[in-house]
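Generate coordinates for the sequence data below:
(chains A and B)
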Amino acid sequence: MSPVLTALVLALLAYILVFDMLAPMFVLGNRPLIAGFLTGLIVGDVKTGMLIGGTLELMSLGVYTYGGATVPDYMLGAILGTYFGKGGNFDVGIALAIPAALLMTQVDILNRFLNFVFVHRADRYAEAGDVKGFERMMVWTSHMIWGFSRAIPVFLAIALGEPVVKSVSAFFDAFPWINKGITAAGGILPAIGFAMLLKILPVEKYPAFLLVGFVLFAYLKMPLVGIALCGVALAAIYQYLKYEKKEA
Amino acid sequence: MATKATKVTMADIKKAFWRYVFFSQCGWNYERMQSVGYCYSMLPIFKKTRPDPEEFKEAFITNLNFYNTNPILGTPLIMGAHIALEEAGASFDTTEGLKVGLMGPLAGVGDTLVWALYNSIIFSICSSMALAGNSLGPILAMILVFFPYMALRWWQITWAYKQGSNLMASIGGGAIGRITEFATIVGLVVIGGFAPSIVHLVTPLAYSQNITVGGETATQTVSVQAQLDAVLPYMLPALVIFLAYWLLKKKGWSPVKVIMLLVVIGFLGGAFGIFG
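Below you'll find the predicted structure:
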C-alpha cells in the first residue's frame, strides 16, 4: 500500500474506532490494545501492533473518561505508534505514541466543546416537532466532529510524517538519554490509572483491603488471579460478618 | 388527549434498545452531555405513549435536558424503568425525577464495576498475552467485551422494564448496594496487588563506602534500590501512586495535569539516570 492509501485506511479505522467508543462498544476499539492490534493487521505487522498496543494499554489501565473528563488519546497513539514502529522500530513507535496521545487532549477538549451544535440543533428540531430532521442528524452527523477530529490527524501524520519521523528517529539515535527518559516515563505513567481508580473507589472507608492486596503481591509474590480470589474470599467474609450474623 | 395511547410492545423496546446501542453518546457535549442520544433512543416509545402531538413534542423537548451516566451499566436500566413509567402514564415530573435520581448513583456504580474493575482486569491479562506475542490476547479482549456488554445491556433494559417503579427502591440499598460493596472490596484487594506490579520505577543509583573488617579496609558498593527494598518492597511505585492520588483527590488536579507531571518526573529521572 502506498503511504497515502494506508493513511486513508487508517484514518477510516480511527473514525470507526471513535464511533465504537461513542456508543456500540462492541470491541472497545478505543483501548490501545485493540487499536494497536487492528492497525497491526492492516499494516501487516501484528507483532508490533500488539507490542505498542499492549504497552500503551498497561500505561493506561483504569484511565477512562469518568464524567466526561479528557484523558490522553491512547487509541490514536496506538495507531500512529504501530504504523511508525512497524518492522522492528518499536522504540520509535512508542516514543511517538506517547506525545501524540498527550497532544490529542487539546483536540479532545475542542471537539467535546464544538459538539454543542448538535444539542442546539436538537432544540430547534424539537420546537418544530421535526422528528425526521432530528433522526437524520443523529444517524449521519452526530459523530462527525469527534470522528474527524481523530481521522484527520491520523491521515496527516501518516501521509506527511515519514520524513519527520525519520529525522526524529535519527535524533533519538544521536541522543540516547531521550529514550531512557521516555522509557522511565512510560514505566511510571500507569500510576495515573491506579490513582484515578482509587479516586472513584471508597479508599478511605476500606484502606485495609488495599493493604492486603499489596502485601500478597509485594511479600508473597502471589499471581494476580490468586490475589483476586483472596479478594473474593475477603469480600464474602466481610459481608457475612456484616449482614448474615445480624440475621442469625 | 386526541388519541388513546397504545401499549408499548417488545418491538418498540427493541427499537429503542438498538438506537441506544448505536447512538447513545453520539453528539456528546459539555453542555448537556448524553442528552441527544438518550432522547433519540426514547422517541419510538414516546410515539406510542404520547399520541397527542403537543404532548409528544413536550416529551421530545423535556428529554433533551441534561443527562449523563455510565453508558454500559446505567443508561439501559434507566431506559427500562422510564419505559415502564411512560406506559403507566406518568407525568414528566415523575420521569425526569427517575432519570435525575438514578443517573448519579448509577454513574458511580457503573464506572466502578465496568470501567475500573472489569475492564482493568481483562485488559491487563490480555495485554500481558499480547506482549508475549500471543494474538489470542487482543482477540480474547474483544470477545470479553462484546458478549458480556451486549448481554448486560439487554438484560438491564428488560429487567428494569419489568421492575418499573420499584427500581428506585432497589438501587438505593438492598441487592445492588451489596453487589457494589462486594465488587469494591475485590477491586481494592486486586488494585493493592496489581498497582505495584504494573508501575515500574526502580533506581540504579549506588554509592561506595569504606568498611573496615578485621583491620583491613575495603570499598563496598551499596545499591540504593536494595536498601529501599529492605525497608519496603515496591516503595517507589507506591509513593508515585500515592502522589498521583493525592494530587487528583485532595488538590483537585485534572488527570491530564497529573499525567504531564509524571511524564516530566519520569523523563528527567530516566534521562539523568536516577531511574532506570
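
Pull up the per-residue confidence for B:Ala206.
Here, the pLDDT recorded for B:Ala206 equals 88.

ok, now which ones touch it?
Taking C-beta atoms under 8 Å, 6 or more residues apart in numbering or on different chains as the contact definition, B:Ala206 lies against B:Thr221, B:Val222, B:Ser223, B:Val224. C-beta coordinates here come from the backbone N, C-alpha and C atoms, glycine included.

try 6 Å this time
Contacts for B:Ala206 (C-beta atoms under 6 Å, 6 or more residues apart in numbering or on different chains) come out as B:Thr221, B:Ser223.

Same question for the one 5 residues further on.
Shown here is B:Ile211, whose contacts under the criterion C-beta under 6 Å, 6+ apart are B:Ala218, B:Gln220.

Helix, strand or coil: sort out it for me.
When states are read from DSSP: H, G, I helix; E, B strand; the rest coil, the local structure at B:Ile211 comes out as strand.

care to break chain A down by domain?
Under the assignment automatic domain parsing, the domains of chain A span A:3-201, A:202-248.

Now mean neighbour count and mean pLDDT too, for those domains, in TSV please.
Output for the domains of chain A, formatted as TSV (neighbours: other C-beta atoms under 10 Å in any protein chain shown; pLDDT from 0 to 100):
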stretch	mean neighbour count	mean pLDDT
domain A:3-201	21	90
domain A:202-248	15	88
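
now these in CSV, with distance to chain B?
As requested, the domains of chain A are exported to CSV (distance: least, C-beta to the nearest C-beta, whole Å):
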stretch, distance to chain B
domain A:3-201, 3
domain A:202-248, 2
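
mind listing the helices in chain A by residue range?
Using DSSP state H, the helices assigned to chain A run over residues A:3-22, A:32-43, A:46-59, A:74-85, A:90-114, A:116-128, A:131-136, A:144-174, A:176-188, A:190-200, A:207-218, A:224-239, A:245-247.

Identify the single longest helix in chain B, thanks.
helix B:136-163.

ok, A:Ser167 to A:Lys180 distance?
As defined by C-beta to C-beta, to the nearest Å, A:Ser167 lies at a distance of 20 Å from A:Lys180.

Please enumerate the helices of chain B.
With DSSP H as the criterion, chain B has helices spanning B:10-23, B:35-49, B:53-62, B:75-87, B:92-110, B:120-131, B:136-163, B:167-172, B:174-198, B:224-231, B:235-249, B:255-271.

Now find how far off-centre the fifth one is within its chain.
Centroid separation between helix B:92-110 and its chain, computed with C-alpha atoms, centre = their mean, to the nearest Å, is 17 Å.

Which residues does that helix contact?
Contacts to helix B:92-110, defined as C-beta under 6 Å, 6+ apart, come from residues B:Thr62, B:Thr69, B:Asn70, B:Leu73, B:Gly74, B:Ile78, B:Ala81, B:His82, B:Leu85, B:Thr180.

Nearest spatial neighbour of the second one, chain-adjacent residues omitted?
Excluding the flanking residues, the one nearest B:Thr69 by C-beta to C-beta, 6 or more residues apart in numbering or on different chains is B:Met103, at 3.9 Å.

same deal with A:Ala23?
B:Ser24 (4.6 Å).

Can you pull the phi/psi pair for the one you found?
Note on B:Ser24: backbone dihedrals following degrees, to the nearest 10 are phi -60, psi -40.

if I read this right, it contacts B:Gly37, doesn't it?
Yes. B:Ser24 sits in contact with B:Gly37 when judged by C-beta atoms under 6 Å, with a separation of 4.4 Å.

what number of residues lie near B:Thr9?
For B:Thr9, the tally of surrounding residues (other C-beta atoms under 10 Å in any protein chain shown) stands at 10.

what does B:Ser135 give?
Here the neighbour count serves as a burial measure; for B:Ser135 (other C-beta under 10 Å) it reads 16.

Which residue is the nearest non-sequential neighbour of it?
Beyond its immediate neighbours in the sequence, the residue positioned closest to B:Ser135 (C-beta to C-beta, 6+ apart) is A:Val46, lying 6.0 Å away.

Correct me if wrong: the one you found contacts A:Gly40.
Yes. A:Val46 sits in contact with A:Gly40 when judged by C-beta under 6 Å, with a separation of 4.1 Å.

do you know how far the residue of the stretch 51-200 of chain B at minimum distance from chain A is from A:Cys230?
In the stretch 51-200 of chain B, no residue comes nearer to chain A than B:Gly192, which is 2.4 Å away by C-beta to the nearest C-beta. Summarising the geometry, the distance separating B:Gly192 from A:Cys230, computed by C-beta to C-beta, is 10 Å.

Contacts only, for residue 75.
Defaulting to chain A. The neighbourhood of A:Met75, defined by C-beta under 6 Å, 6+ apart, consists of A:Leu17, A:Asn30, A:Ala35.

My question was about chain B, not that one.
If a contact means C-beta under 6 Å, 6+ apart, then B:Thr75 has B:Ser24, B:Thr69 as its contacts.

for B:Phe17, same thing?
Applying C-beta under 6 Å, 6+ apart, the residues near B:Phe17 are B:Ile157.

per-residue pLDDT, it?
B:Phe17 carries a pLDDT value of 98.

does B:Gly276 really touch B:Pro204, like I thought?
Yes. Here B:Gly276 reaches B:Pro204: they are 4.2 Å apart, a contact under C-beta under 6 Å.

So for those two, which sits in the more crowded spot?
Here B:Gly276 and B:Pro204 are set side by side on neighbour count (other C-beta under 10 Å), and the busier one is B:Gly276, at 15 against 11.

gap between that one and A:Thr183?
Here B:Gly276 is placed at a distance of 8 Å from A:Thr183 (C-beta to C-beta).

Also A:Leu198?
Separation of A:Leu198 from A:Thr183 (C-beta to C-beta) stands at 25 Å.

what residues are up against residue 77?
Using chain A here. With contact taken as C-beta under 6 Å, 6+ apart, A:Gly77 is in contact with A:Leu56, A:Ala97, A:Ala100, A:Ala101.

Switch to chain B, please.
If you count contacts by C-beta under 6 Å, 6+ apart, B:Leu77 has them with B:Gln156, B:Ala160.

and it, how far is that from B:Val100?
The value you get for B:Leu77 to B:Val100, if C-beta to C-beta is used, is 14 Å.

Same check on B:Val199?
On the measure of C-beta to C-beta, B:Val199 and B:Val100 end up 38 Å apart.

Of the two, which one has the most company?
Neighbours of B:Val199 and B:Val100, each counted by other C-beta under 10 Å, are more numerous for B:Val199; the result is 25 against 13.

How about that one, nearest residue that isn't a chain neighbour?
B:Pro237 (3.9 Å).

Also B:Tyr118?
Residue nearest to B:Tyr118 in three dimensions, not counting chain neighbours: B:Pro148, with 7.8 Å by C-beta to C-beta, 6+ apart.
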